[in-house]
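*Asks:* Model the following, please.
(chains A and B)
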Amino acid sequence: MKEGYVLECRGLTKKYSNFTALNQLNLQLERGKIIGLVGPNGSGKTTLIKLINGLLVPTEGEVLINGIAPGPETKARVSYLPDNNYLSNWMTVTQMIDYYGDFYEDFDKQKAYEMLENLGLDAKQKFKNMSKGMKEKVQLVLVMSRDADLYCLDEPIAGVDPAARDYILRTIIANYAEGATVLISTHLIADVERILDEVVFIRNGAVVRHAAVEEIREKYESSVDALFREEYKC
Amino acid sequence: MPWDISSERSVYLQLIDIIKQKIMSGEYKPGQRMASVRELAADAAVNPNTMQRALAELERQGLLYTQRTSGRFVSEDVTLIDGIRMTGMEQKAKEFYQEMTQNGLSADEIRRLLEKAIAEAEGK
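*Replies:* So this is what the prediction gives:
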């Protein structure tokens, strides 16, 4: 089993010209946990996830995955679900699965086809003929078919109906790799808190709270959602 | 029985209660093999580590047991299961009695209400 934190941020800062998106953020994530990254819109969730995936470069401080800075080595171990659609419209699901299989050594094609079947998706279909919800499911299948150390899911349940939300949560629970950590960003904690070990609440680009959700429920006899609404007015 | 879980209370305690109830009601039969932690967690849409903790506690109480190579099973000790079922029901009866007396009912009134409810439920 691997040792050390799967993710560590030290004094992580990201400035866009005159706007500070992340401000001296410190965070340590252990292995084998499902962790919610929550905060209001514009709090820095997507910026943090893009930094973890090497799509942005820190202005100051550092972000480490398995103890190393983002690069080809960490991208091979991090499975990333962006918050937007990145599928090429002319492709079919099968073509996309082959593409992912070529890209990532840890991609399990058989697992991908099983998940597609469970979610009721047709692998021969082209993306241009799919609804938004179907495309989101395909993207999730691609991301969860990897045997990664860290899954970064940016708003995986935004804008889906409650039945689809449960499907997505179940797919995540059933498929993340043994011992891996899943980081799920959302501005709607109520939708995901049941599946979390821990919650990281960020505001104005810094961590204001990092706690175990069961401890919150036991201590305050309240949902994490209700507590945060009260304490942080969000 | 569906997994009806609230986010306002400890999910761990709720899982223990629900799985116990599934064993008491016979949905999980004595000696039956349990699904894996992941499968159960996915089914209930809860955190797998929390599910694991709940199963470990039920093992500690003797309602489940693990066979090293073949997985986790429901206890075959029917006396134990019946015992726990009765303890749980006695507790419910006490709570019911307390609630009724708090609403100002006498013991006789409570008995009459219960008998009426039973008669209605059985369609007499």
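
*Asks:* What ranges does chain B have for its helices?
*Replies:* B:11-24, B:37-44, B:48-60, B:78-102, B:107-121 (DSSP state H).

*Asks:* go on, chain A?
*Replies:* Applying DSSP H to chain A gives helices spanning A:45-52, A:72-75, A:93-103, A:109-118, A:132-144, A:162-175, A:189-192, A:213-220, A:224-232.

*Asks:* how about these, which one is nearest B:Ile110?
*Replies:* Closest approach to B:Ile110 among the helices of chain A is made by helix A:213-220 (33.8 Å; C-beta to C-beta). The way it works is simple: take the backbone N, C-alpha and C, and place the C-beta from them, glycine included.

*Asks:* could you give the angle of the closest one to helix B:11-24?
*Replies:* Orientation check (axes from the mean of the first three to the mean of the last three C-alpha atoms, to 10 degrees): helix A:213-220 against helix B:11-24 gives 100 degrees.

*Asks:* Other residues contacting helix A:213-220?
*Replies:* Helix A:213-220 has contacts (C-beta atoms under 8 Å, 6 or more residues apart in numbering or on different chains) with A:36, A:193, A:196-199, A:222-224, A:227, B:7-12, B:47, B:50.

*Asks:* Would you mind listing the buried residues in the one helix or strand in chain B whose mean pLDDT sits lowest?
*Replies:* Lowest on mean pLDDT, DSSP states H and E among the helices and strands of chain B sits helix B:78-102, with a mean of 91. By 16 or more other C-beta atoms under 10 Å in any protein chain shown, the buried positions in helix B:78-102 come out as B:81, B:84, B:100.

*Asks:* which residues does the second one contact?
*Replies:* In this case it means B:Ile84. Residues counted as contacts of B:Ile84 (C-beta under 8 Å, 6+ apart) are B:20, B:24, B:61, B:63.

*Asks:* Quick one, which of those residues are buried?
*Replies:* Buried, going by 16+ other C-beta under 10 Å: B:20, B:24, B:63, out of the contacts of B:Ile84.

*Asks:* Quick one, which of those residues has the minimum pLDDT?
*Replies:* Within the buried ones among the contacts of B:Ile84, B:Met24 has the lowest pLDDT, namely 91.

*Asks:* excluding its backbone neighbours, what's nearest it?
*Replies:* Of all residues not flanking B:Met24 in the chain, B:Arg85 sits nearest, at 4.6 Å (C-beta to C-beta, 6 or more residues apart in numbering or on different chains).

*Asks:* Roughly how far does the one you found sit from A:Ala180?
*Replies:* Distance of B:Arg85 to A:Ala180, given as C-beta to C-beta, to the nearest Å: 39 Å.

*Asks:* For chain B, list the residues in contact with chain A, please.
*Replies:* Where chain B comes near chain A, counting by C-beta under 8 Å from any C-beta of the partner chain, the residues are B:5-12, B:38-39, B:41-43, B:45-50.

*Asks:* Tabulate the helices of chain B in JSON lines, adding columns for distance to A:Pro156.
*Replies:* Putting the helices of chain B into JSON lines (distance: least, C-beta to C-beta, whole Å) gives the following:
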{"stretch": "helix B:11-24", "distance to A:Pro156": "20"}
{"stretch": "helix B:37-44", "distance to A:Pro156": "15"}
{"stretch": "helix B:48-60", "distance to A:Pro156": "17"}
{"stretch": "helix B:78-102", "distance to A:Pro156": "38"}
{"stretch": "helix B:107-121", "distance to A:Pro156": "45"}
